[in-house]
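In: After the sequence you'll find the predicted model.
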Amino acid sequence: MNEIITASDRQTFQEEFAGRLPKKIFDAHVHIIKKSSCSDTFYKTAAYLEKFNNEFTVNDFFAVGKEMLPGIELSLCGFGMPGMDVNRTDAADMGVDNKRVFGLRLISAYDDVETIEKDIIQYKLCGIKPYHNMALKKPGSTVELLDFFTPEQLEMVNRLKLAAVIHIPRKMRLEDPLNRKQMAYLCETYPDITFVFAHIGRAYYQRCAVGLVEEFIKYPNAYWDTAMINSPEVLKYTFDHFPNDRIMFGTDMPISALHGKSIEINNQYLYLTPEKFDLGTSLYDGSGQIIYVPFLYEQLRSVLALNLPQKSLEDFFYNTAFNMFNSIAERMYKK
């Protein structure tokens, strides 16, 4: 594996984070990528994985995590990198122990529900991870949230009382009325599914959160994860306007191990980064004049700027996610 953490990063950790973070952190949003699961086509759309030798296993997560967060006990919920060219059954076999390593099964709307359930049980997983590039095929960017799965798939997940980590579609993200309508429909129709809406509904900039996150307070099965959110304003608004015991920490590893910072410009965002990889809405800074830290450190800075009480920090960084996934695993596999 190429160098991930620099001497400058280690200094940043000691100066800014050492002694300020809880002793245990549960990362609720990790992509576990196995070479055996991925095709050559897959790597053409995820070139940044070159930095990790084209895979990111559970062992890699713990190795990188030990470098980035020294002295902290880590746990995770992992799932594959979504794609129709990914072997989703193979990706489900990631070394789950339901102690420190929990997992979700990638699903496509075209996957047979019996196969999904079989994989979940066989690999002792806690739920599903759909994505817009595995949804029912539609022209352009017209894919809707309800295209991510079939009713039969949702009924199975609801019957088993599992979790679903959802990256909502469409350009306007949480600002999109159709997205919010369908999110509410899912929460109401499938009350035994715990819906974790990733990236605070993709609220990477402030307008995408204000006046919107609170619409989901009334759904006790609606949670947010904060993967790749390093906007202090978005985090503060969410913590001020949503039950804190339904907000959980996530990193989006391995992407968040790359160096860069999310910048808000006119109700838009981009990733400013010295890394020569396409990260979606990203701008490459090859000048060498700015020293960057990993995206993960920018997330930590934004969280610590909230000055949350110690108990709230421990809940956010560990208890909320661990308790949720552990309760599913205890019921499903430890009877």
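Out: Yep, it's here.
In: Could you use CA atoms for every contact and neighbour count after this?
Out: Fine.
In: can you list the residues that contact the lowest-mean-pLDDT helix or strand in the chain?
Out: Of all helical and strand segments in the chain, the minimum by mean pLDDT, DSSP states H and E falls on helix 40-44, at a mean of 77. Contacting residues not belonging to helix 40-44 are listed as L49, N54, G83, D85, V86 [Cα atoms under 8 Å, 6 or more residues apart in numbering].
In: what residues are up against the fourth one?
Out: Applying Cα under 8 Å, 6+ apart, one finds that D85 lies in contact with C38, S39, T41, F42.
In: what's the most distant pair in these?
Out: Between all members of the contacts of D85, the longest pairwise span (Cα to Cα) is found for C38 and T41 and amounts to 8.1 Å.
In: quick one: F316 from D245, how far?
Out: Counting by Cα to Cα, to the nearest Å, the gap between F316 and D245 amounts to 7 Å.
In: cool, T12 as well?
Out: In this structure, T12 and D245 are 29 Å apart, going by Cα to Cα.
In: cool, and N266?
Out: Per Cα to Cα, N266 is found 31 Å from D245.
In: which of those two has more neighbours?
Out: A direct count of neighbours by other Cα atoms under 10 Å for N266 and D245 places D245 higher, at 15 against 7.
In: list the contacts for the closest residue in space to that one that isn't next to it in sequence?
Out: The spatial neighbour of D245 that comes closest, neighbours along the chain excluded (Cα to Cα, 6 or more residues apart in numbering), is T320 at 6.2 Å. Contact criterion Cα under 8 Å, 6+ apart gives D245, R246, I247, M248 as the residues in contact with T320.
In: would you turn the residues you listed into JSON lines with pLDDT and secondary structure?
Out: As requested, the contacts of T320 are exported to JSON lines (pLDDT from 0 to 100; DSSP: H, G, I helix; E, B strand; the rest coil):
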{"residue": "D245", "pLDDT": "97", "secondary structure": "helix"}
{"residue": "R246", "pLDDT": "98", "secondary structure": "helix"}
{"residue": "I247", "pLDDT": "98", "secondary structure": "strand"}
{"residue": "M248", "pLDDT": "98", "secondary structure": "strand"}
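In: among these, who's most crowded?
Out: Most surrounded of the contacts of T320: other Cα under 10 Å gives M248, at 26 neighbours.
In: any idea how far that residue is from I200?
Out: Computed with Cα to Cα, the distance linking M248 and I200 is 10 Å.
In: so the closest residue to Y269 other than its chain neighbours, which of the three states?
Out: If you skip the residues right next to it in sequence, Y269 has I263 as its closest partner in space, 5.4 Å away by Cα to Cα, 6+ apart. Three-state call for I263 (DSSP: H, G, I helix; E, B strand; the rest coil): strand.
In: Give the burial count for I263, as a bare number.
Out: 15.
In: does it have beta-bridge partners, and which?
Out: Listed beta-bridge partners, I263: L270 (assigned using DSSP bridges).
In: where does the stretch 201-335 of the chain have low pLDDT?
Out: Counting by pLDDT under 70, the stretch 201-335 of the chain has low-confidence residues at 335.
In: In it, what residue spans correspond to helices?
Out: With DSSP state H, counting those that start in this stretch as the definition, the stretch 201-335 of the chain shows helices at residue ranges 232-241, 295-304, 310-314, 320-333.
In: And the first one, what's buried?
Out: Within helix 232-241, the residues scored as buried using 16 or more other Cα atoms under 10 Å are P232, E233, V234, L235, K236, Y237, T238, F239, H241.
In: ok, so of these, who is nearest V157?
Out: Minimum distance to V157 across these is 27.5 Å, recorded for T238 (Cα to Cα).
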